[in-house]
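**Q** After the sequence you'll find the predicted model.
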Amino acid sequence: MFKRLPCQIVAAVVGICCLSGLHASRAAESGPLEAALAKPVEFEFRETPLDDVISFLSRASDAPIVADQRALQKSGVKLDKVLITSRLSGAPLKIALSKILSPQKLDWIIRHDALIVTTAKAAAEKYYDTRVYKITRRVPVDRRMRSIMHNIDPESWATAGGTGDAAPLPPKLLLVYQSPQRHRQIERKFARSVVRVRDRRPQVFRRGSIEETLEAPAAFNFADVPLVDVLKQLGEQYDVKIVVDHQACNAAGIRFEHFKVGLQVGEVRHFAGGLSLLLETVHPALAWTADGGRLLTITTSESAGNKMIPQDYNVSGIAPDDDSKLLIEAIEYTVAPSSWEFAGGDGTIEAGKAAATLHVVQSRLVHRQLRRLFADLRAGRDEEKK
């Protein structure tokens with residue numbers, strides 16, 4: 001059972017929501033999860049089950065923290081059997097999580113608008129994503145890229161047969177495709193010369209569009225509820241039609257009537273992220289696509305990846321010296337690399353007919369990644385001018 005905390009710890013739960021000027025400034029510059037990770041926490045656990053520890057930290061920091069049950073079960077980890085004895089005062093939540101999880105060979109990552117507790121192996125080898133970095137020192141970007149690849153787990157990069165990759169976009173931007181654990185290593189080890197760039201401007205969507213709904217906050221609180229009922233409830237609550245691609249799911253051996261949802265994370269930043277998190281906790285092969293109008297289709301990741309859609313992107317000011325070839329190569333190497341034609345996939349990317357445009361044929365999942373990437377790259381180019 002979770003041990004009721006002594007008075008000083010209870011006070012810390014109240015105080016955790018009060019940021020100093022420094023933390024408030026950082027919170028304003030980052031997303032809600034990053035802000036929560038920067039908040040100071042105080043606790044003392046004595047042989048407390050890890051699942052209770054996670055629940056406490058989630059409530060105290062007002063951040064959704066979810067266990068990666070499949071990875072944990074695969075490694076034989078049962079959170080209610082792992083007992084934590086630890087004490088900490090005034091350190092950021094991210095330090096607290098690492099202090100608690102590292103001795104158990106566990107780690108945390110940010111995924112689908114939530115903090116995910118998983119195994120150290122999964123954090124290092126799964127959940128790859130693409131991030132934009134700006135070089136802050138007077139060092140050529142390709143030289144800094146080589147330094148990162150040499151110092152951050154060299155065997156994990158494609159040049160050594162690994163999965164990770166990187167591509168420079170001069171003068172100061174760098175695209176990196178790596179696991180969450182290695183991204184954190186980059187940001188920590190190269191903190192004096194490399195900073196992550198993200199677009200913080202609010203996105204504007206057509207009122208009433210499915211895109212507006214997908215990017216809006218949403219609540220996910222379900223305790224052992226059948227998946228079919230969860231999808232019906234979400235559809236009614238957020239005014240979307242959610243259908244199931246039974247043909248693709250049946251072919252993959254996925255039977256919806258067998259699944260129940262146990263996901264209680266409160267409000268997440270985006271409906272899209274919450275839905276992805278929900279499906280991933282139910283079955284790792286499930287995904288969703290937005291198929292026009294206000295229709296969402298629940299299908300398999302394979303089926304979602306096979307639906308190719310053409311789209312043109314305005315990349316004015318993003319490509320180095322308006323060299324679209326360099327930008328295309330960087331994207332192919334660092335955004336869903338295995339999905340492109342050169343790597344055996346079906347996706348294609350080429351210069352568009354109009355000036356400073358790219359014509360991309362890809363799945364909706366990859367298009368969503370590209371929209372975020374181009375927004376981050378524009379923010380990066382703006383940063384370069386400062």
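**A** Cool, the structure landed.
**Q** and the spatially closest residue to residue 108 that is not a sequence neighbour, what element?
**A** Spatial nearest neighbour of residue 108, chain neighbours left out: residue 97 (4.8 Å); criterion: Cβ to Cβ, 6 or more residues apart in numbering. All C-beta atoms are positioned from the backbone trio N, CA, C, and that covers glycine. According to DSSP states H and E, residue 97 maps onto helix 93-101.
**Q** Tell me the helix or strand right after that helix.
**A** Next along the chain after helix 93-101, taking DSSP H and E as the criterion, comes strand 106-111.
**Q** what sits up against that next one?
**A** 33-34, 65, 72, 77, 94, 97-98, 101, 115-120, 122-124, 127, 180-181, 277 (Cβ atoms under 8 Å, 6 or more residues apart in numbering).
**Q** Can you list the strands that it pairs with?
**A** Sheet pairing of strand 106-111 (DSSP bridges) gives strand 114-119 (antiparallel).
**Q** what's the helix holding residue 97 packed up against?
**A** helix 32-38, strand 40-49, helix 50-61, strand 83-92, strand 106-111, strand 114-119 (3 or more Cβ pairs under 8 Å, 6 or more residues apart in numbering; DSSP states H and E).
**Q** swap the cut-off to 6 Å and go again
**A** If you count contacts as 3 or more Cβ pairs under 6 Å, 6 or more residues apart in numbering; DSSP states H and E, helix 93-101 packs onto strand 83-92.
**Q** Could you verify that residue 328 is part of a helix?
**A** Yes. Per DSSP: H, G, I helix; E, B strand; the rest coil, residue 328 lies within a helix segment.
**Q** mind listing what it touches?
**A** Listed by Cβ atoms under 6 Å, 6 or more residues apart in numbering, the contact partners of residue 328 are residue 349.
**Q** isn't there a strand covering residue 247?
**A** No. Counting by three-state DSSP, residue 247 is located in no strand; its state is helix.
**Q** what number of residues lie near it?
**A** If you count neighbours by other Cβ atoms under 10 Å, residue 247 ends up with 11.
**Q** Then residue 234?
**A** Using other Cβ under 10 Å, residue 234 has 20 neighbouring residues.
**Q** what are the phi and psi values for it?
**A** Main-chain torsions, residue 234, degrees, to the nearest 10: phi -60, psi -40.
**Q** Look at it and report its pLDDT.
**A** Per-residue confidence (pLDDT) for residue 234: 96.
**Q** Any idea which residue is closest to the centre of this structure?
**A** Central residue of the chain (Cα atoms, centre = their mean): residue 111, 3.3 Å from the mean position.
**Q** Distance-wise, check it relative to residue 77.
**A** For residue 111, the distance to residue 77 equals 18 Å [Cβ to Cβ, to the nearest Å].
**Q** swap in residue 290?
**A** In this view, residue 290 and residue 77 are 35 Å apart by Cβ to Cβ.
**Q** Residue 142 now?
**A** With Cβ to Cβ as the criterion, residue 142 and residue 77 are 41 Å apart.
**Q** same question, residue 90
**A** 29 Å.
**Q** out of these two, which sits in the busier spot?
**A** Remark: of residue 90 and residue 77, residue 77 carries more neighbours, 20 against 11, as counted by other Cβ under 10 Å.
**Q** and that one, what element?
**A** For residue 77, there is no enclosing helix or strand under DSSP H and E.
**Q** The one 3 residues further on too?
**A** Assigned by DSSP H and E, residue 80 belongs to no helix or strand.
**Q** Can you report how many residues lie near it?
**A** Here the count is done by other Cβ under 10 Å, and residue 80 has 9 residues near it.
**Q** Please report how far it lies from residue 356.
**A** Residue 80 is 55 Å from residue 356, where distance means Cβ to Cβ.
**Q** what does residue 258 give?
**A** Residue 258 is 50 Å from residue 356, by Cβ to Cβ.
**Q** higher neighbour count, those two?
**A** Applying other Cβ under 10 Å to residue 258 and residue 356 shows that residue 356 carries more neighbours, namely 15 against 10.
**Q** Specify the local secondary structure of the closest residue to that one other than its chain neighbours.
**A** Nearest residue to residue 356, sequence neighbours excluded (Cβ to Cβ, 6+ apart): residue 316, at 3.9 Å. What three-state DSSP gives for residue 316 is coil.
**Q** Got the phi and psi for residue 316?
**A** Backbone torsions of residue 316, given as degrees, to the nearest 10, read phi -60, psi 130.
**Q** swap in residue 260?
**A** Note on residue 260: its backbone torsions stand at phi -120, psi 150 [degrees, to the nearest 10].
**Q** mind listing what it touches?
**A** Neighbouring residues of residue 260 by Cβ under 6 Å, 6+ apart: 224, 226.
**Q** Can you list the strands that the host helix or strand of residue 195 pairs with?
**A** Using DSSP H and E, residue 195 maps to strand 194-197. Partners of strand 194-197 in the sheet, by DSSP bridges, are strand 129-135 (antiparallel).
**Q** who touches the partner strand?
**A** 141, 144, 172-174, 176-177, 183, 194-197, 334-335, 376-377, 380, 383.
**Q** For that strand, list the C-alpha coordinates in CSV.
**A** Extracted C-alpha coordinates of strand 129-135, given in CSV (Å, rounded to 0.1, in the frame of the first residue of the first chain):
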residue,chain,number,x,y,z
ASP,A,129,11.6,10.4,-33.2
THR,A,130,13.0,13.3,-35.1
ARG,A,131,14.1,16.5,-33.4
VAL,A,132,15.5,19.8,-34.7
TYR,A,133,18.6,21.2,-33.0
LYS,A,134,20.4,24.5,-33.4
ILE,A,135,24.1,24.8,-33.0
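**Q** can you give me the angle the helix or strand just after that strand makes with strand 129-135?
**A** The C-terminal neighbour of strand 129-135 among helices and strands, as given by DSSP H and E, is helix 141-151. Taking axes from the mean of the first three to the mean of the last three Cα atoms, to 10 degrees, one finds that helix 141-151 is oriented at 120 degrees with respect to strand 129-135.
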